[in-house]
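Novice: Below is the sequence, then the predicted model.
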Amino acid sequence: MSELPPKTSLRRWFVTTNHKDVGILYTITALFFLIMGGMLALLIRFQLWEPGAQFLSEIAYNEAVTTHGLVMVFWFLSPFGFGFANYFVPLQIGADDLAFPRLNALSYWMYALSGILLGISYFQGGTLSTGWTMYAPLNVPMYTPSLGSTGAILALAMFVIGITASTINFLTTIHHSRAEGMGLMDMPLFTWSILATVYMMLFAFAALLAVALILLSDRILGSIYFSATEGGALLWGHLFWFFGHPEVYIVFFPALGVMLELFQSFSGNRLVGRKWVIIAICLISIQSFLVWTHHMFLTTINLEVKTLMMATSIGISLPFDLVVFSLIYTLIKGRIKFTTPFLFAFGALLLFIVGGITGVFLGAIVLDYEFRGTYWVVAHFHYVMFGGATALFGGIYYWFPKMSGKMYDEFLGKVHFVIFFIGFNAVYFSMFLAWETPRRVFEYDPAFQPMHQFGTIGAVVLGLSFFIMFYNFAKSYVSGPDAPDNPWEYTRTAEWAVSSPPPLENWGGRPSYASGKLEFVSEALTPSDDHDGPAAATDGGHGEGHGDDHIESYPYWDKHASHASIWPFALSLATGIFFFGLSGVSSSIDITTADTLFGTGITVSNPVYPVFTALGLLGIIWTAVKWGLEDFYAPPMEIAERWPFEGVEKVKLGMWFFLASDVIVFGAFISAAVFIRVAAGWYTWEPLTDSLPGLINTFVLLTSSFTVILALVYARRKSRKGLIAYLSATILLGLTFLSIKMWEWHHEIYDVGVTLTQNSHGDPVQATIYYVTTGLHGLHVVIGLLIAGFLLVRAWNGAYQEDPRPVEYFGLYWHFVDIVWVILFPLFYLF
Amino acid sequence: MASDSIKLYALVYVALVGLATSKFVFFEFDQFFTYEQAFAGTMGAAALKGALIVGYYQHLKWENRSLTYLMAVALAFALLLMAAATYSIT
Ligand SMILES: [Cu+2]
């Protein structure tokens, strides 16, 4: 552990794990991507000045359209919202930091560096040109052959890894670190909206990760999922939109949370129907997973599914209506203060209503036949997503004084709002008027030219309005008046109860809402042998004692919270290098197969990419080990509200959230296998392989699950010998599993003639599915073995005698991998 | 707290091995079982095995029930995706 350098030191920003620092990093980086995405938008608008090609070539225009969409949806909207979430969720719930501070820094660096990978992809022979929806089969190398296309998808995959880590972190934090007396229903509405967002993210982004991995397998390894005629294109539609619809609410909800917060603060009124708004938010989160085929109304899927999801899509507008009416009534009943933050929040509501109503048209099958693929869609989702994001700009004005300690200039803020609002409607309302223009195409009916030119002028105005904001913030930060703790008259949330900006450790005493309002309890904590102390009283758990974190090894009177680690940055950098290498590895290495394994010829035409891949992989392993060995202390929260996860330890809770997301990852892979087999005709396929090696491997993995649980039992009994013996047995069994797998693959390839793309028995895609799905499982086994090896070395040196929980957490993962095999075995060896 | 009884874990292990073998038997002796029966039996055995591993080896049986609901929701979403996508092309 290293000390945290001062804010003026550049080094601080690379090592910090503090949630407020990370929040600022997110906010600034997201604004950078706003500028990048905005530049791309202007390129598109200038191209539309006249019908037909202007200064951009066809492919360059497609690339601009694609990266504009990707950057705005992924690299700007969500991270901008999560800058605030990082900074203010811990403050609003009375926590010291997020549950896993280093993981939080890792999320940020994965995000920032993945954006750089996306930028690099432009220089790898051109980036992706499919549109942000990346539809199959346009997304396979035959139609988008550039290395940069693969690079862009790898960047997206890296971004999703960061998102997954962040999701687990926020879920664990909100469920584990709420101050005393802060029940779930007592949480501020911004925190509520973030909670709903991260629940949707947990499941939705896992599906995106799965579909990105499948696509990368197609692009890098040469598998043929999405070029398969057995439903490959429809498969992409299902997997992508299962993620894609919830994604709309994932980007909108943080903005909604800001809206709810600001409507209260500037109407001086509690939200009308608060409880019902929370219920509506929960309902929307669940319903968001039940509507995805409304993006597939023009495909050949059957009318039953379309009709069903048309009904659910229309139904999802009902809870939204409730939220909108609650916002309106809150204003009617309150006394409004027209500050800059409020103007943006109110503008967001107006824009969102326009976006919502025009979306209902698209949710009806018959109308969608007319509107699909037109500028109606483009206008609609900009009103929803950018309209919603308007509230986030309200949020940045609202919280700027807290984050910077300075007041912004109110007059300039209002000027920004007026110009922004005019520019916004000029661009996007003109799209409704010229709605018959085909989307993603620069060729259009000259009759619409005045509308498009009006829109382009609007876009320039809209873009320029942001420079007023940047100027305002820069000038205020340098020479603005100091902000008081609470510059707003009527605020209810805890971030306004501390100084601007808040101190590193957030609170003077322990925050508590036990009396119904926020108080700071100053307790002289005294050393005590009673490990069933105060936490157990609130945990009401299962008699485990609180045993939270390293309380025995790190008495609290002797240990300060850590706020600095270089390993999140280092691990992300290694991952970025690895992914950069992967983008070009398949074009740099040529593998020729022969009749036997030893006849395989490998020619390396360009060593750069393979070298980057290898270096990145070594870097990942090295930094992960350093991370595991680092002495980093995140203090346990002794007293906290944890409903509905009382009695579950912090890391264990995080582990279960991770496993829940991995259920979706494997669920998507297995869904893909089932979907394609049904498309091909279920009974036309026979298992590719003999069932015996699969059965033997089933026994091997089951046995290894048994040895893992025995390792835990012996660790609990403080038997170093037993722990080492059973960990070693587990590793040996894992290696046995992999060896049998290798033998099986070798047999398939050289004796039977089944390769990734060839199948002497039938459909080639069957071979693809078999290798890729069991390969992903094998990769999980390999990662498990690396962790087990790490544990074994540590156990050899005497670790885990006092605290066997790492063995338990590893076991949770290992058993999960075992369960996946329980499904894969019949699917590929018996059915 | 989770059990520390090696005997219990060993019993679970024996049950798991038995269930795994049953899947093989369903498909190996196809003179007794139709494909559909073997399929149903195998899925049943797989579900039971999964439940045993989650319940005992991952000791979800002794944990806060909310963790079970969390995993049930994840499983439900995965099954929904599979069912709706597959049904949509029938
Ligand atoms: Cu949708």
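Specialist: Ah, there it is.
Novice: I'd say A:Arg510 and A:Phe520 touch.
Specialist: Yes - taking C-beta atoms under 8 Å as the definition, A:Arg510 is a contact partner of A:Phe520 at 6.7 Å. For the C-beta atoms, the positions are set from N, CA and C on the backbone; glycine is no exception.
Novice: Not counting its neighbours along the chain, what's nearest the most centrally placed residue in chain A?
Specialist: Residue closest to the average C-alpha location in chain A (C-alpha atoms, centre = their mean): A:Ile163, at 2.6 Å. Excluding its sequence neighbours, the residue lying closest to A:Ile163 (C-beta to C-beta, 6 or more residues apart in numbering or on different chains) is A:Phe205, at 5.0 Å.
Novice: Can you dump the C-alpha atoms of the lowest-mean-pLDDT helix or strand in chain B in PDB for me?
Specialist: When the helices and strands of chain B are scored by mean pLDDT, DSSP states H and E, helix B:6-28 comes last with a mean of 91. Taking C-alpha atoms only, helix B:6-28 is exported to PDB below (Å, rounded to 0.1, in the frame of the first residue of the first chain):
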ATOM      1  CA  ILE B   6     -17.300 -34.300   5.800                       C
ATOM      2  CA  LYS B   7     -19.800 -37.100   6.000                       C
ATOM      3  CA  LEU B   8     -22.600 -34.900   4.600                       C
ATOM      4  CA  TYR B   9     -20.400 -33.600   1.800                       C
ATOM      5  CA  ALA B  10     -19.400 -37.200   0.900                       C
ATOM      6  CA  LEU B  11     -23.000 -38.200   0.800                       C
ATOM      7  CA  VAL B  12     -23.700 -35.400  -1.600                       C
ATOM      8  CA  TYR B  13     -20.800 -36.500  -3.700                       C
ATOM      9  CA  VAL B  14     -22.100 -40.000  -4.000                       C
ATOM     10  CA  ALA B  15     -25.500 -38.700  -5.000                       C
ATOM     11  CA  LEU B  16     -23.800 -36.500  -7.700                       C
ATOM     12  CA  VAL B  17     -21.900 -39.400  -9.100                       C
ATOM     13  CA  GLY B  18     -25.100 -41.500  -9.200                       C
ATOM     14  CA  LEU B  19     -27.000 -38.800 -11.000                       C
ATOM     15  CA  ALA B  20     -24.200 -38.200 -13.500                       C
ATOM     16  CA  THR B  21     -24.200 -41.900 -14.300                       C
ATOM     17  CA  SER B  22     -28.000 -41.900 -14.700                       C
ATOM     18  CA  LYS B  23     -27.700 -39.500 -17.600                       C
ATOM     19  CA  PHE B  24     -25.400 -41.800 -19.400                       C
ATOM     20  CA  VAL B  25     -27.600 -44.800 -18.700                       C
ATOM     21  CA  PHE B  26     -30.700 -43.000 -20.100                       C
ATOM     22  CA  PHE B  27     -29.000 -42.600 -23.500                       C
ATOM     23  CA  GLU B  28     -26.900 -45.800 -23.500                       C
END
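Novice: Mind listing residues that contact that helix?
Specialist: With C-beta atoms under 8 Å, 6 or more residues apart in numbering or on different chains as the test, helix B:6-28 has contacts from A:691, A:695, A:698-699, A:702-703, A:705-706, A:709-710, A:713, A:822, A:825-826, A:830, B:3, B:33, B:37-38, B:41-42, B:45-46, B:48-49, B:52-53, B:56-57.
Novice: most centrally placed residue in chain B?
Specialist: B:Ala47 (2.0 Å).
Novice: The host helix or strand of that residue: what's the following helix or strand?
Specialist: Element membership for B:Ala47, per DSSP states H and E: helix B:35-52. The helix or strand immediately downstream of helix B:35-52 is helix B:65-87, counting by DSSP H and E.
Novice: What's the local residue count around the one residue in the stretch 301-450 of chain A that gets nearest to chain B?
Specialist: Closest residue of the stretch 301-450 of chain A to chain B, C-beta to the nearest C-beta: A:Ile301 (3.8 Å). The tally of other residues near A:Ile301 (other C-beta atoms under 10 Å in any protein chain shown) stands at 21.
Novice: Then B:Asp30?
Specialist: Other residues close to B:Asp30 by other C-beta under 10 Å number 11.
Novice: What is the subsequent helix or strand relative to the longest helix along chain A?
Specialist: Longest helix in chain A, counting residues (DSSP state H): helix A:232-267. Sequence order places helix A:274-287 as the next helix or strand after helix A:232-267, per DSSP H and E.
Novice: Now do that following helix: everything it contacts.
Specialist: Outside helix A:274-287, the residues touching it (C-beta under 8 Å, 6+ apart) are A:185, A:189, A:192-193, A:196, A:199-200, A:246, A:249, A:253, A:256, A:260, A:271, A:312, A:315-316, A:319-320, A:322-323, A:326.
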